[in-house]
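>>> Give me a model of this one.
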Amino acid sequence: MKIKPTGNLYLAMLFIGIAAGAYCGWQFGPAMKSVAWMGTFFLNALKMLIVPLIVSSMIVGISSMGDVRKLGRQGGTIFIYYFATTGMAVFLGIIMVNIFQPGVGVELSETAVVPETVAGKEQIGPTDILLSLISPNIVKSAAELQILPLIVFSLCLGGILTTIGEKGQTVIRFFDGLNEALMKFVELVMYIAPIGVFGLVASKLGDAGGGEAFWGELVKIGKYSLTVLVGLGVHALVVLPILLTVLARRNPFRYGLGMLPAVGTAWSTASSSATLPVTLECAEERNKVSRRSALFVLPLGATINMDGTALYEAVAAIFIAQAVGIDLSAGQQVVIFLTATLAAVGAAGIPQAGLVTMVIVLKAVNLPLEGIGLILAVDWFLDRFRTCVNVWGDSVGAAVLDRFFPSGGRLERNLAGTD
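The predicted model follows:
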């Protein structure tokens, strides 16, 4: 029997790999570092496809909408969706952290220092995110997997190609063929996914010292972890399904089942960008989202639509304030809302994105960066759940755009040079 990537049998094997990795990492602890190479091999195979896939899909996706000078409504719709859902996530996180009060009773050690992962990042601000949109060396950005400037470059190039007639169509046809070939490449990579996710999960839990060590760290700030997980759960299982039902007229349960391989890969890799090849495959093949909508919305969403990250940053910032005994005013919480929303949009533009944008949020309300040390021990674990929410939110956005602006064969006409 041939196992089709993202098919039901493959899906079962993927979750068996996750479960086996979690069990072995929990039971055997540091010994499971020996299987880290399996996860690295799989992750590198996915990362190998990210740059060509983003460039080709964004160029084909933007050009499929016709003359870029007429793009306004489609582009405006998806950006409004992204900002609206990110804002909803941040607002939900602020409500949850005020209800649960996870930082009350947690003490920040007097010897606490700024973690090495964010040391030296104190001077990064909103202007740095704006500067990260444009790269002076696009090849270097590609080599360093700086996705945001690649998105901007590809959007601009794809838009320009729609304005130069037949010569532009020749280039678009090249990138369309490249995109088709890359999606076949994705299918090959996904055959090793169950083994890869086993290695990723087992070795990561092993790095944490095994089950008992990890559980001990989780218990220390269990209320904080619970607050983040409940907030992510409400956003993913209530807010986004309502939007999917009302705006896209899709069955959330059926659509969610179609996206399960992507969500499973997101949990394993903790990377929206690395999951992008699988997200595209699931949206097009399993959920029948038009190719035009998938190619335009999903690469863009993997870069700037970070619902889970935004919610986590709001919760973490207020948690740290509670831990150090700072009572934030309503005005300061509004500042956190605005900063977390905007910082999450630009998160992919700078290295160590989640923690760096956390620095921006904390600085906005003068909270100590040493507080980040409170959450580092479990951050890798929570990161997987917020990545799942990020990917799920992207896929809902693709369905929404597909509903409001159905393809109608425009992509095929464009590639044929008849539109």
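
>>> can you list the weak-confidence ranges in this structure?
Along the chain, the model assigns pLDDT under 70 to residues 1-7, 65-72, 108-126, 128-129, 208-217, 345-356, 407-419.

>>> what residue lies at the spatial centre of it?
residue 272 (3.4 Å; CA atoms, centre = their mean).

>>> State the distance from that one to residue 335.
26 Å (CB to CB, to the nearest Å). Glycine gets a C-beta too; all of them are placed from N, C-alpha and C.

>>> Next up, the contacts around the nearest residue to the residue nearest to the centre of the chain once chain neighbours are set aside.
Excluding the flanking residues, the one nearest residue 272 by CB to CB, 6 or more residues apart in numbering is residue 302, at 4.3 Å. The neighbours of residue 302, taking CB atoms under 8 Å, 6 or more residues apart in numbering as the test, are 54, 147, 272-273, 275-276, 279, 348, 390-391, 394.

>>> And residue 315, by the same measure?
With CB under 8 Å, 6+ apart as the criterion, the residues that contact residue 315 are 93-94, 96-97, 102, 224, 227-228, 231.

>>> what's the farthest-apart pair in those?
Spanning the widest gap among the contacts of residue 315 are 94 and 224, at 14.2 Å by CB to CB.

>>> So the two - more neighbours on which side?
Summary of the neighbour comparison: residue 94 and residue 224, criterion other CB atoms under 10 Å, with residue 224 having more neighbours (25 against 22).

>>> Name the nearest residue to that one, ignoring sequence neighbours.
Distances taken as CB to CB, 6+ apart place residue 102 nearest to residue 224, at 4.0 Å, with adjacent residues excluded.

>>> The one you found: what secondary structure?
State at residue 102, reduced to three classes by DSSP: H, G, I helix; E, B strand; the rest coil: coil.

>>> Double-check it against residue 321; I have them as touching.
No. Here residue 102 lies out of contact with residue 321, judged by CB atoms under 8 Å, at a distance of 11.1 Å.

>>> Using CSV, list the CA coordinates for the one helix or strand residue 10 maps to.
Taking DSSP states H and E as the definition, one finds residue 10 inside helix 8-28. The C-alpha coordinates for helix 8-28 follow below in CSV (Å, rounded to 0.1, in the frame of the first residue of the first chain):
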residue,chain,number,x,y,z
ASN,A,8,-4.8,9.2,7.1
LEU,A,9,-2.2,6.4,7.5
TYR,A,10,0.6,9.0,7.4
LEU,A,11,-1.2,11.1,9.9
ALA,A,12,-1.5,8.1,12.3
MET,A,13,2.3,7.4,11.9
LEU,A,14,3.1,11.1,12.6
PHE,A,15,1.2,11.1,15.9
ILE,A,16,2.7,7.7,16.8
GLY,A,17,6.1,9.4,16.2
ILE,A,18,5.2,12.3,18.5
ALA,A,19,3.8,10.0,21.2
ALA,A,20,6.9,7.6,21.1
GLY,A,21,9.2,10.6,21.2
ALA,A,22,7.5,12.0,24.2
TYR,A,23,7.5,8.7,26.0
CYS,A,24,11.2,7.9,25.3
GLY,A,25,12.3,11.5,26.2
TRP,A,26,10.3,11.3,29.5
GLN,A,27,11.6,7.9,30.5
PHE,A,28,15.2,7.9,29.3
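
>>> so how far is it off the chain centroid?
Taking the mean C-alpha point of helix 8-28 and that of its whole chain, the gap between them comes to 22 Å (CA atoms, centre = their mean, to the nearest Å).

>>> Mind listing what's buried along it?
Using 16 or more other CB atoms under 10 Å as the burial criterion, the residues of helix 8-28 that qualify are 10-11, 13-14, 17-18, 20-22, 24-26, 28.

>>> Make a markdown table from the residues you listed and add distance to residue 37 to it.
Shown next, in a markdown table, are the buried residues of helix 8-28 (distance: CB to CB, whole Å):
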| residue | distance to residue 37 |
| --- | --- |
| 10 | 22 |
| 11 | 25 |
| 13 | 20 |
| 14 | 19 |
| 17 | 15 |
| 18 | 18 |
| 20 | 16 |
| 21 | 14 |
| 22 | 18 |
| 24 | 15 |
| 25 | 15 |
| 26 | 20 |
| 28 | 16 |
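
>>> Correct me if wrong: residue 318 contacts residue 336.
Yes. Contact status for residue 318 versus residue 336: in contact at 6.7 Å, counting by CB under 8 Å.

>>> shared neighbours of these two, anything?
Where contact means CB under 8 Å, 6+ apart, the residues bridging residue 318 and residue 336 through contact with each are 94, 328.

>>> Residue 394: which element?
Short version: residue 394 belongs to helix 376-404, going by DSSP H and E.

>>> What residues sit buried inside that helix?
Buried, per 16+ other CB under 10 Å, within helix 376-404: 377-379, 381-402.

>>> And for stretch 277-297?
The neighbour-count criterion (16+ other CB under 10 Å) identifies 277-287, 289-297 as the buried residues of stretch 277-297.

>>> okay, how far is it across that stretch, tip to tip?
Its start and end residues considered, stretch 277-297 measures 13 Å (CA to CA, to the nearest Å).

>>> how far does it sit from the chain's center?
Worked out by CA atoms, centre = their mean, stretch 277-297 lies 16 Å from the chain centre.

>>> picking that back up, touching, the residue nearest to the centre of the chain and residue 395? I think so.
No. Residue 272 sits out of contact with residue 395 when judged by CB under 8 Å, with a separation of 11.0 Å.

>>> Now for those two: what residues contact both?
Residues touching both residue 272 and residue 395 (CB under 8 Å, 6+ apart): there are none.

>>> just the strands in the stretch 201-350 of the chain please.
Across the stretch 201-350 of the chain, reading from the start of the chain, there are no strands by DSSP state E, counting those that start in this stretch.
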